[in-house]
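Okay, sequence plus prediction incoming.
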Amino acid sequence: MTLKEAIIQRILNLCDEHGLTINKLSTICGITQSTINNIVNGRNKSTTTSTVKKICDGLGITITEFFDDPLFQGLEQEIK
């Protein structure tokens with residue numbers, strides 16, 4: 001799994017855990033729905049840490065909690 005794929009999956013998992021749609025997530029995070037859609041649909045080439053922080057703030061979690069998930073263990077090598 002790549003970092004991009006792990007971030008997508010983590011966002012989707014957090015939405016499920018909090019009972020949120022992508023639209024509701026975008027509203028509580030102050031991020032446009034198109035940005036969130038582009039991230040979770042893989043159209044965004046690289047999600048910024050600022051965007052991840054906004055998602056964390058909206059969900060009431062720390063950025064450490066976001067990345068403290070088994071999804072981020074054993075990621076594929078990004079530089080080839």
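Perfect, thanks for sending it.

Determine which residue lies closest to the centroid of the protein.
The chain has residue 11 as the residue nearest its centroid, 3.7 Å off, counting by C-alpha atoms, centre = their mean.

Identify the residue spatially nearest to that residue, adjacent ones excluded.
Counting by C-beta to C-beta, 6 or more residues apart in numbering, residue 40 is the residue found nearest to residue 11 once chain neighbours are left out, at 5.9 Å. Backbone N, C-alpha and C define where each C-beta goes, glycine included.

give me every residue that touches the one you found.
Taking C-beta atoms under 8 Å, 6 or more residues apart in numbering, we find residue 40 in contact with 8, 11, 12, 22.

residue ranges with poor pLDDT in the chain?
Judged against pLDDT under 70, the chain has no low-scoring part.

need the next SSE after the lengthiest helix in the chain, C-terminal direction.
Longest helix in the chain, counting residues (DSSP state H): helix 3-18. Sequence order places helix 22-29 as the next helix or strand after helix 3-18, per DSSP states H and E.

one step back: report the buried residues of the longest helix of the chain.
Using 16 or more other C-beta atoms under 10 Å as the test for burial, helix 3-18 gives 4, 6, 7, 8, 10, 11, 14, 15.

nearest to residue 61, of those residues?
Distance to residue 61, by C-beta to C-beta, is smallest for residue 14 among the buried residues of helix 3-18, at 7.7 Å.

wait, isn't that closest one in contact with residue 59?
Yes. Counting by C-beta atoms under 8 Å, residue 59 is a contact partner of residue 14 at 5.9 Å.

picking up where we left off before, same list, the buried residues of helix 3-18, but as a markdown table with distance to residue 26 please.
Below are the buried residues of helix 3-18 laid out as a markdown table (distance: C-beta to C-beta, whole Å):
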| residue | distance to residue 26 |
| --- | --- |
| 4 | 19 |
| 6 | 20 |
| 7 | 15 |
| 8 | 15 |
| 10 | 16 |
| 11 | 11 |
| 14 | 13 |
| 15 | 10 |
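
about what we covered before: need the contact partners of the longest helix of the chain.
By C-beta under 8 Å, 6+ apart, the surrounding residues in contact with helix 3-18 are 1, 20-22, 25, 36, 39-40, 42, 45-47, 52, 55, 59, 61, 66-67, 69, 71-72, 75, 78.
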